[in-house]
Structure formats: C-alpha cells, structure tokens
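A.B. asks: sequence-free structure coming up:
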C-alpha cells in the first residue's frame, strides 16, 4: 500500500471491521488486476546501494519522477517518500532499504499490466540513468551486507527495525534486502473470497518455485533457491505463514477479523507522527487498553494501516494479495499476474485447482512451503514433486486465460504472458538454478555479472 490511509472515524463495533472487508466484494465484470513490483536500486559506478540523500540519491530520483509524471508527492517530515496518481492510477513507494516499488493501477487485463510496466520502466530509466542509478530484478540483494544498506526516512520503518529482531532472525533482511512481485485480485462474494484464498494459499509454493530468484547472499550462494522465501519463515510468525485455519469450517471475513485483531501492531499514526505500539494487539486497542493511547479507540485508518502490516503468504484486504514470489527481471513480471488470473478468474480452472489441493492436509501444505525455498521444484507433497504440480497449474492457468479471451491489438490472448514460465518448465529448473549454473560456469564464481544480466 503506497500511503497510510486517512479516515479518523472512531470504530464502535467489530461489525465495522467486517464491513470494511465486505466493501471489497465486486461483480465479476468489475474484477481488476493490480500488480506491485519492487526493484533494488544500485549505483552504476561501483554497484553500491543508493543513499536517500544527495544529488544522485533516491530523494532526487523521486523528485525527478514527480516532475516527469506530474503525480502528487507523498511527504513525511519534509522528505519525499512516494508519489501517487490522483486520477486513480498507480503509486510509487519506497521499501525500507530504498527498494523502489510500483503499485500498479487496477487494470482489466494482463496486456495492460505489461503496457503499464513498460511505460513505468521507460519513465524510471529517463530519470535514473542521468543520476547513475540502475535497478536489479532479483528477490534479494546479491552482494551487500546488512550494514551497507541505507535507511529510508519513513517513521514506520524505524519502529519496525527496532521490533523485528525481537520476533525472528530475518526481519531486518526482509525489510532491507528483499524484493517481491505481487498480484492483487478481486472476489465476488465471501464464499468466492474463501475459495480463492484457499487455492492460492495452497499453491503459493508453486509461484515461489517458478519465480525463485534469490540464491546469493553477500556474493556467495546461500544454499537456497529462494532465500527471500526462507526469510519469511523466520521474520515474525505471528503475522506470516500459511494460515491453516483458513481451511477450517466457518472461514469468512469474521474469521480474518478475529485473526487480525490478535496480530501484534507496529504503530499508530497521528498526524505526521508514528507512535510505537509494537507488540500490543489491535484487540487491546479496540477495547481501549493500549498503554500508549489510554482510553483511545482506533479509527478505520488505524485498521487499514494495521491490515497492511500482516504478511501471510496470501493477504486479505479488500482484495487478495499473492505474496509468494521473488522479484524478477522485467520480462517475467507480467507472468505472475497472468499465472494467478488464469487460475483464479476462470471458474473452471478455479474448480480444477481446488480439486488439486483440497485433499492436502495442513501439515502437508506447511511441509511443502518449508521445503520449497531450498528445493524448488524438487520439493514434494504426498508422493508428487512440485514440478509436476507446477506443470498442472500452468496448464490450468493457460486454459483459464484462453477462455477469458482478452485479446491484445494483434489478437493474442493473455496466455502469451505465461511464455517465460513455460520456458522454465521446459528447462526443468528454477531461475535460481540457472543463475547458480552461471555462477559456477561463465561468471567464474562472481555475482557481479548479475548487475548486467538481471538489471532492468
């Protein structure tokens, strides 16, 4: 979410929290596709992290983008920290270590996602290249240590940085060293939300394997194919994971509200100030028991902000957010929305995908999710390799996109955006394995070539 939402009406009842989600229900004809992607900036000279300050820093990049696009700046304490299109288009925001995020506009088809991406990259390049800034399409910074990475001037990140080491070993890495690509998709009813949430949660490891792209840490192989995915296994398990209760009877918006009420908060925003309430639950705040704000009740803004700090493999907001994929080079980015749209926006494919996963147990789903960062396609569930399941999913997605039949100006449907994934399955190995082969071969044991081959 690009900016923290402002609606200062105090909340009176749990029903209002449920209603906030219900407001996301849309007719299928109104379904949209939102794609968010993060990329790591680096200095073209020396391939170092880019600081916020200075004539060639991230702040200057955002100021240049503002002049080029005419978008509204998002300011915090005098610093530009993002931009948004007032006409309801996209937004640009900063992750903690300067990762540059485009939150795309809600579009009708994947062709539009690709057009938006190409326009964005051309715009960014126009401003970034004269500043000596390039961008990397990987799931994790391949060569920098934690201490090298600058901190962006956003109040919420200071609070999170202090809290993270208390709840897991990798939270700081997640904030400062990882990049993802996400797809946000709609639902037409509570039952439709539940079905899509279950299917996408169970199959998130498939996306993790197809997009696995973070095999290096500080210049060396780290033993994983998606270290970004491994990082999420020990970032903060009170707010992440595979949500086994989603598959239990009685799942719906209310059940998500009850979960979110008990997730520890990070902050409450009042004006420009972030108040550190890290570790106390929203439920306590809702009952007027927050020690930092005694007797005060949360507002709808507080609720929306809190929901944006929950990080499971699939997140429910007023849409569903697919969170299992590593950031990838630009040519593969539209493949993520294509993959999920084909599976979830076509009823036949959605039914078939549910049949594929409905007999998996919570323990089996968890074991698959635990194994996929290291083993990729070689992870197993029951007696099957993930590779076979990925092939089946791609077939279902392809069929779903063909039936949707949204064609571009040359008459091609959205299934063409799956081609990069089809090539990965033909090769039989994850992108990370391909990169490791290069590292051990042509690259001569150096990660430096990634700054050319995997740059935007």
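C.D. replies: Structure's in. What do you need? All values derive from a computational prediction rather than experimental measurement.
A.B. asks: measure the residue lying closest to residue 60 once chain neighbours are set aside to residue 19 for me?
C.D. replies: On the basis of C-beta to C-beta, 6 or more residues apart in numbering, the spatially nearest residue to residue 60 that is not a chain neighbour turns out to be residue 131, at 6.1 Å. C-beta coordinates here come from the backbone N, C-alpha and C atoms, glycine included. Residue 131 sits 45 Å away from residue 19, going by C-beta to C-beta, to the nearest Å.
A.B. asks: show the contacting residues for residue 369.
C.D. replies: In this structure, residue 369 makes contact with 204, 205, 208, 241, 242, 313, judged by C-beta atoms under 8 Å, 6 or more residues apart in numbering.
A.B. asks: try residue 318
C.D. replies: Residue 318 makes contacts with 20, 21, 23, 24, as judged by C-beta under 8 Å, 6+ apart.
A.B. asks: chain neighbours aside, what residue packs nearest to the first one?
C.D. replies: For residue 20, ignoring the flanking residues on the chain, the nearest one in space by C-beta to C-beta, 6+ apart is residue 303 at 6.2 Å.
A.B. asks: residue 131 and residue 19: who's more crowded?
C.D. replies: Just comparing residue 131 and residue 19: by other C-beta atoms under 10 Å the higher neighbour count belongs to residue 131, 19 against 13.
A.B. asks: OK, contacts around that one?
C.D. replies: The contact partners of residue 131, by C-beta under 8 Å, 6+ apart, come to 55, 56, 60, 61, 64.
A.B. asks: what's the answer for residue 344, then?
C.D. replies: For residue 344, the residues meeting the contact criterion (C-beta under 8 Å, 6+ apart) are 185, 196, 199, 200, 320, 350, 353.
A.B. asks: how far away is it from residue 150?
C.D. replies: In this structure, residue 344 and residue 150 are separated by 37 Å, where distance is defined by C-beta to C-beta.
A.B. asks: before we move on, what about residue 16?
C.D. replies: Computed with C-beta to C-beta, the distance linking residue 16 and residue 150 is 39 Å.
A.B. asks: of these two, give the one with the bigger neighbour count.
C.D. replies: When residue 16 and residue 150 are compared on other C-beta under 10 Å, the one with more neighbours turns out to be residue 150, at 18 against 14.
A.B. asks: my guess is the more buried one contacts residue 99, does it?
C.D. replies: No: between residue 150 and residue 99 no contact is recorded; they are 11.2 Å apart, counting by C-beta atoms under 8 Å.
A.B. asks: residue 73 - how many residues pack around it?
C.D. replies: Applying the criterion other C-beta under 10 Å, we find 15 residues in the vicinity of residue 73.
A.B. asks: look up phi and psi at it.
C.D. replies: With angles defined as degrees, to the nearest 10, residue 73 shows backbone torsions of phi -80, psi 150.
A.B. asks: ok, now how distant is the residue lying farthest from the centre of the chain from residue 15?
C.D. replies: Relative to the C-alpha centroid of the chain, counting by C-alpha atoms, centre = their mean, residue 295 is the outermost residue, at 34.9 Å. Using C-beta to C-beta, one gets 22 Å for the distance from residue 295 to residue 15.
A.B. asks: equivalent analysis for residue 358, please.
C.D. replies: Separation of residue 358 from residue 15 (C-beta to C-beta) stands at 31 Å.
A.B. asks: quick one: neighbours of the nearest residue in space to residue 456 that is not next to it in sequence, just the number.
C.D. replies: By the measure of C-beta to C-beta, 6+ apart, the closest residue to residue 456 outside its immediate chain neighbours is residue 135, 4.3 Å from it. Other residues within reach of residue 135, judged by other C-beta under 10 Å, total 23.
A.B. asks: verify the contact between residue 135 and residue 455 for me.
C.D. replies: Yes: the criterion here is C-beta under 8 Å, and residue 135 meets it with residue 455 at 6.4 Å.
A.B. asks: quick one: contacts for the nearest residue to residue 327 once chain neighbours are set aside?
C.D. replies: Leaving aside its sequence neighbours, residue 327 sits nearest to residue 179 (C-beta to C-beta, 6+ apart; 3.2 Å). Contact analysis of residue 179 by C-beta under 8 Å, 6+ apart lists 37-40, 95, 99, 136-140, 228, 326-327.
A.B. asks: distance of the residue lying closest to residue 133 once chain neighbours are set aside relative to residue 241?
C.D. replies: If you skip the residues right next to it in sequence, residue 133 has residue 41 as its closest partner in space, 5.2 Å away by C-beta to C-beta, 6+ apart. Separation of residue 41 from residue 241 (C-beta to C-beta) stands at 30 Å.
A.B. asks: who has more neighbours, these two?
C.D. replies: Shown here are residue 41 and residue 241; by other C-beta under 10 Å, residue 41 has more neighbours (25 against 17).
A.B. asks: in what helix or strand does that one lie?
C.D. replies: Taking DSSP states H and E as the definition, residue 41 sits inside strand 33-43.
A.B. asks: in that strand, what's buried?
C.D. replies: Taking 16 or more other C-beta atoms under 10 Å as the basis for neighbour counts, the residues of strand 33-43 that come out buried are 33, 34, 35, 36, 37, 38, 39, 40, 41, 42, 43.
A.B. asks: from memory the first one sits against residue 111, does it?
C.D. replies: The one in question is residue 33. No: taking contact to mean C-beta under 8 Å, the distance of 10.3 Å between residue 33 and residue 111 leaves them out of contact.
A.B. asks: helix/strand/coil for residue 360?
C.D. replies: coil (DSSP: H, G, I helix; E, B strand; the rest coil).
A.B. asks: longest helix of the chain, counting residues only.
C.D. replies: Ranked by residue count under DSSP state H, the longest helix found in the chain is helix 190-210.
A.B. asks: tell me the helix or strand right after that one.
C.D. replies: For helix 190-210, the following helix or strand on the C-terminal side (DSSP H and E) is strand 216-217.
A.B. asks: do you have the helices of the stretch 201-350 of the chain handy? List them.
C.D. replies: With helices called from DSSP state H, counting those that start in this stretch, the stretch 201-350 of the chain shows them at 227-232, 253-262, 282-286, 300-307, 335-344, 347-357.
A.B. asks: near residue 434, how many other residues are there?
C.D. replies: The criterion is other C-beta under 10 Å. On that basis, residue 434 has 14 neighbouring residues.
A.B. asks: how close does the closest residue to residue 141 other than its chain neighbours get to residue 291?
C.D. replies: Nearest non-adjacent residue to residue 141, counting by C-beta to C-beta, 6+ apart: residue 177, 4.7 Å away. To residue 291, residue 177 is 32 Å away according to C-beta to C-beta.
A.B. asks: what about these two, which has more around it?
C.D. replies: Counting neighbours by other C-beta under 10 Å for residue 177 and for residue 291 shows that residue 177 has the greater number, 29 against 9.
A.B. asks: pLDDT at that one, what is it?
C.D. replies: The confidence metric pLDDT takes the value 97 at residue 177.
A.B. asks: so it touches residue 97, yeah?
C.D. replies: Yes: when contacts are counted by C-beta under 8 Å, residue 177 is listed as touching residue 97 (6.4 Å).
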